[in-house]
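K.L.:
okay, here's the prediction I keep looking at, along with the sequence it came from:
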Amino acid sequence: MSSQPYTPPKVWTWEQPSGGHFASINRPIAGPTHDKALPQGKHPLQLYSMATPNGVKATIMLEELLALGHTGAEYDAWLIRIGEGDQFSSGFVEINPNSKIPALLDLSGSEPVRVFESGSILLYLAEKFGALLPQDPAKRTQALNWLFWQMGSAPYLGGGFGHFYVYAPEKLEYPINRFAMEAKRQLDVLNRHLAENTYMAGEEYSIADIAIYPWYGALVQGLVYNAAEFLSVHEYPHLQRWADNIAARPAVIRGRIVNRVWGEENEQLAERHSAADIDQRLALKK
């Protein structure tokens, strides 16, 4: 590929291959590419996902609810291999027309409830079980402020910085500099807030922390993009303290391995259908 200056045409047309990590599945249209029904297990909640930062939000949330004693949060987690285009099956598109993981199907009521977008899943589950979202209106608003901040900010980190730093077919200085600057600004936003707060909504752990940790916490811990040194994450000690505290939570440890098919053997669990599935995988550490 050339690094020469690019002059956009009057009308953009799609030309394959576009290059890059996901070139084989990227396309400018929506809808299914093939007919395939999604599997269903025995639990009221059916999750279709992969252990990307957005997918991990949902599994951490479900494990946190179970840890709090909400037995109705039992779930089956089915692997959606996004690199192979599973998210474009007819069954998945029926739940999420945007073809992005995670997607949740709630079968506990008289009619199935389809939930997509990771932030919507967190809010739906928090309200369904009355947990992990402050009841006080001011604190609730604080939690929702940060939840929506994450949903609006992460595309700069993932689709922007992560794409050009890791996945783009060639390293280009301008987009890497542009998105590295924005990533560091966001890290500074979090670090300044956490200098005065234990959690994102103050002293209460909430869905805001669950949403932000898999992206920004994992970034400063070197778990995504291998960019900790590049972004000088040592400059954000309050964010690092918060990330370490979140990472040590048992439900976070459990949720991070679900629908994961890379890394160490004890960190991989393609599907989850009971607590014992996670217990057996984590036991490999001992």
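P.N.:
Here it is on my side, so go on. Numbers count the residues shown, from 1 in each chain.
K.L.:
contacts only, for the spatially most central residue of the chain.
P.N.:
Nearest residue to the geometric centre of the chain (CA atoms, centre = their mean): residue 54, 1.1 Å. Taking CB atoms under 8 Å, 6 or more residues apart in numbering, we find residue 54 in contact with 100, 101, 102, 118, 154, 214. Using the backbone N, CA and C atoms, a C-beta is placed for each residue, glycine as well.
K.L.:
is the fifth one in a helix, a strand, or coil?
P.N.:
In other words, residue 154. Secondary structure, DSSP: H, G, I helix; E, B strand; the rest coil: residue 154 is helix.
K.L.:
ditto for the one 10 residues further on
P.N.:
On the three-state scheme (three-state DSSP), residue 164 is labelled helix.
K.L.:
so who does it touch?
P.N.:
Each residue near residue 164 by CB under 8 Å, 6+ apart is listed here: 171, 172, 175, 176, 179.
K.L.:
could you dump the residues you listed to JSON lines with pLDDT and distance to residue 261?
P.N.:
As requested, those are exported to JSON lines (pLDDT from 0 to 100; distance: CB to CB, whole Å):
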{"residue": "171", "pLDDT": "94", "distance to residue 261": "27"}
{"residue": "172", "pLDDT": "94", "distance to residue 261": "30"}
{"residue": "175", "pLDDT": "96", "distance to residue 261": "29"}
{"residue": "176", "pLDDT": "98", "distance to residue 261": "28"}
{"residue": "179", "pLDDT": "98", "distance to residue 261": "27"}
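K.L.:
hmm, back to that, now, which of the contacts of residue 54 sits nearest residue 228?
P.N.:
Of all those, residue 214 has the smallest distance to residue 228: 15.3 Å, by CB to CB.
K.L.:
for the stretch 151-286 of the chain, which spans come out with low pLDDT?
P.N.:
For the stretch 151-286 of the chain, applying pLDDT under 70 flags the ranges 286.
K.L.:
now do the helices in it.
P.N.:
With DSSP state H, counting those that start in this stretch, the ranges of helices along the stretch 151-286 of the chain come out as 173-194, 207-212, 218-220, 237-247, 250-257, 275-282.
K.L.:
and residue 59, which of those is closest to it?
P.N.:
The closest of the helices of the stretch 151-286 of the chain to residue 59 is helix 250-257. By CB to CB, the value is 3.9 Å.
K.L.:
buried residues in that closest one?
P.N.:
Within helix 250-257, the residues that count as buried by 16 or more other CB atoms under 10 Å are 251, 252, 253, 254, 255, 256, 257.
K.L.:
circling back to that earlier point, just put the helices of the stretch 151-286 of the chain in a markdown table and tack on distance to residue 107.
P.N.:
Formatted as a markdown table, the helices of the stretch 151-286 of the chain follow (distance: least, CB to CB, whole Å):
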| stretch | distance to residue 107 |
| --- | --- |
| helix 173-194 | 36 |
| helix 207-212 | 22 |
| helix 218-220 | 31 |
| helix 237-247 | 30 |
| helix 250-257 | 21 |
| helix 275-282 | 19 |
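K.L.:
look up how far residue 236 lies from residue 190.
P.N.:
7 Å (CB to CB, to the nearest Å).
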